[in-house]
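Chemist: I need the structure of the sequence given here:
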Amino acid sequence: MTKQVILIALFSLSCLFVQAQTITTVDSGSVTIHKDPRLDILVKKQAQINEVTTRDSRRTAKGYRLLIIRTNNRDEAIAAKTKVYNYFPELKAYMFHQSPYYSIRAGNFKDRKEAEAYRLKFNNIFPKGVFIMNDVVEVKPDRLEEE
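Modeler: Below is the predicted model of the structure:
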């Protein structure tokens, strides 16, 4: 039985090899592409727009975030993120997953004092405790220029 399977496999491979050889020898044609030159201009303009928008829209710096919750229950993490958005819509919440844990972090604080003020507010909503942690945060370009 195994000899038959091996013979069939060898035969199949030899057929594929012969077909591959015939395809490569038969394929000697060429393809001509006619492209509108305006496409190159559009591509260059889009690249410039992308460069400007990504450069101006997001910058990072060392700062602080609040660790709201760290759990292995995904639904609990999503509920905590929803609470953050409900009580503090001005803050951005981040959900990270490192198996098997989900963690919710909030805020982009440049100063520890600002993070501490929010931590006290969060402790009323999350009685298990909220912690300040060092992180790389997003900073708006106008905030960078002021400093």
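Chemist: counting by contacts, list what the longest strand seen in the chain packs against.
Modeler: Criterion DSSP state E: the longest strand present in the chain is strand 59-71. The elements that strand 59-71 packs onto, with contact taken as 3 or more C-beta pairs under 8 Å, 6 or more residues apart in numbering; DSSP states H and E, are helix 74-87, strand 101-109, helix 112-125, strand 131-139, helix 141-146. Quick note: C-beta positions are derived from backbone N, CA and C, even for glycine.
Chemist: how far does the second one sit from its chain's centre?
Modeler: Once both centres are worked out by C-alpha atoms, centre = their mean, to the nearest Å, strand 101-109 turns out to sit 15 Å from its chain's centre.
Chemist: about what we covered before: most tightly packed of the helices and strands packed on strand 59-71?
Modeler: Highest mean neighbour count of those: strand 101-109, a mean of 21 (counted as mean count of other C-beta atoms under 10 Å).
Chemist: direction included, what does that strand pair against?
Modeler: Strand pairing for strand 101-109, determined by DSSP bridges: strand 59-71 (antiparallel), strand 93-98 (antiparallel).
Chemist: partner residues bridging the most centrally placed residue in the chain?
Modeler: For the chain, the residue sitting closest to the mean C-alpha position, by C-alpha atoms, centre = their mean, is residue 96 at 10.6 Å. Counting by DSSP bridges, residue 96 forms beta bridges with residue 103.
Chemist: dump the residue contacts of it.
Modeler: 102-105 (C-beta atoms under 8 Å, 6 or more residues apart in numbering).
Chemist: please apply the same query to residue 76.
Modeler: Going by C-beta under 8 Å, 6+ apart, the list of residues near residue 76 reads 69, 102.
Chemist: try residue 106
Modeler: Residue 106 touches 65-66, 68, 84, 88, 91-94, 118, 122, counting by C-beta under 8 Å, 6+ apart.
Chemist: list just the nearest of those residues to residue 45.
Modeler: Within the contacts of residue 106, distances to residue 45 taken as C-beta to C-beta reach their minimum at residue 92, with 30.8 Å.
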